[in-house]
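**Q** structural data only, the sequence is not supplied:
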Ligand SMILES: N#Cc1ccccc1Cn1ccc2ccc(-c3cc(N)[nH]n3)cc21
């Protein structure tokens, strides 16, 4: 069925990219129903104020709870979407979380700016909705919009029918299975030689067993090189004899 996504932000124009490519097609095909809302529509003062100084002092501003409360109440009505709040201090957004979110019928993304949203908003809706504060990585953005674009793409591509059959998400390096927790290895296409660089001959051999083995070895090599903490966590039993020699 259709997944509904509501996004509330003071920069709705950030979400123009959701009209194109993968997500745009999914919307045209009715797989996704994406609605973007301007938070300021629920700020009633002449300046449409959405922020104020932080209690306890400190730099920057905090987003007012009243405006968010009116916005969320209007958007959800008496429904109960899963509420996602991007934040640098959230639980890590991983492929596993993306898989979980892809199973939800309705997601509501609350995009903060400034130093974040008054914490009582999450507390208020946590009594009625599942509220997840999620981080997309250990770096600080200026607001939640980019994080929502990341999450919507990661979740959207997992929905049935969104990725052409040519590329199923099941092969993802973080998807369950033989290549789980391994990084993608190198990829090649025609021509077989380009500026004197050749394609590894095993890939031209047509020997599927050797190709699979080679790809696993390359994925393992890259994982050890770029993500030693993932490689260390690999269950030795899942690595067959040859891999242990790598
Ligand atoms: N909050 C906060 C905050 C705290 C300190 C300094 C700057 C900000 C800016 N900010 C406001 C909203 C908001 C949303 C998500 C992120 C975010 C997520 C990841 N993974 N990094 N940054 C940042 C966000």
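**A** Noted; the coordinates are in hand. Since the model is a prediction, treat every value here as computed from it, not as a measurement. Residues are numbered from 1 along each chain as shown.
**Q** show me which residues of this structure sit near the ligand.
**A** 86-88, 112-116, 135-137, 139-144, 147 (CB under 6 Å from any ligand atom). For every residue, glycine as well, the C-beta is placed using N, CA and C.
**Q** same thing but 8 Å
**A** 60, 85-90, 93, 111-117, 134-144, 147 (CB under 8 Å from any ligand atom).
**Q** among those residues, which ones are in helices?
**A** Residues of the residues of the chain next to the ligand located in helices (DSSP state H): residue 147.
**Q** give me the buried subset of the residues of the chain next to the ligand.
**A** 85-87, 93, 111-114, 116-117, 134-136, 141, 143-144, 147 (16 or more other CB atoms under 10 Å).
**Q** related to what we said a few turns ago, from the residues of the chain next to the ligand, which land in strands?
**A** If you go by DSSP state E, the residues of the chain next to the ligand have 85, 86, 87, 88, 89, 90, 134, 135 in strands.
**Q** ok, now which ones touch residue 210?
**A** By CB atoms under 8 Å, 6 or more residues apart in numbering, the contact list for residue 210 reads residue 202.
**Q** secondary structure element holding it?
**A** Assigned by DSSP states H and E, residue 210 falls within helix 208-226.
**Q** how about the strands of this structure, start to end?
**A** 3-9, 32-38, 51-52, 62-63, 82-92, 106-110, 131-135, 193-194, 197-198.
**Q** how about the residue positioned nearest the centre of the chain, nearest residue that isn't a chain neighbour?
**A** Most central in the chain under CA atoms, centre = their mean is residue 151, positioned 2.4 Å from the mean C-alpha point. Spatial nearest neighbour of residue 151, excluding adjacent residues (CB to CB, 6 or more residues apart in numbering): residue 93 at 5.9 Å.
**Q** run through who's touching stretch 178-186.
**A** Counting by CB under 8 Å, 6+ apart, 171-174, 215-216, 218-223, 226-227, 230, 233-234, 238 sit against stretch 178-186.
**Q** next, work out how far apart the residue nearest to the centre of the chain and residue 134 are.
**A** Separation of residue 151 from residue 134 (CB to CB, to the nearest Å): 7 Å.
**Q** ok so, going back, ok, the residue nearest to residue 151 touching residue 150?
**A** Yes - contact criterion CB atoms under 8 Å: residue 93 and residue 150 qualify, at 7.5 Å.
**Q** common neighbours of these two, please.
**A** residue 136.
**Q** now stretch 16-34, how far from the chain's geometric center?
**A** Mean-position distance between stretch 16-34 and its chain equals 15 Å (CA atoms, centre = their mean, to the nearest Å).
**Q** should've said stretch 13-30
**A** 15 Å.
**Q** try stretch 137-148
**A** Mean-position distance between stretch 137-148 and its chain equals 11 Å (CA atoms, centre = their mean).
**Q** what's the neighbour count on residue 27?
**A** Applying other CB atoms under 10 Å, we find 17 residues neighbouring residue 27.
**Q** sorry, wrong one. I was asking about residue 179.
**A** Residue 179 has 22 neighbours, counted by other CB under 10 Å.
**Q** good, wrapping up.
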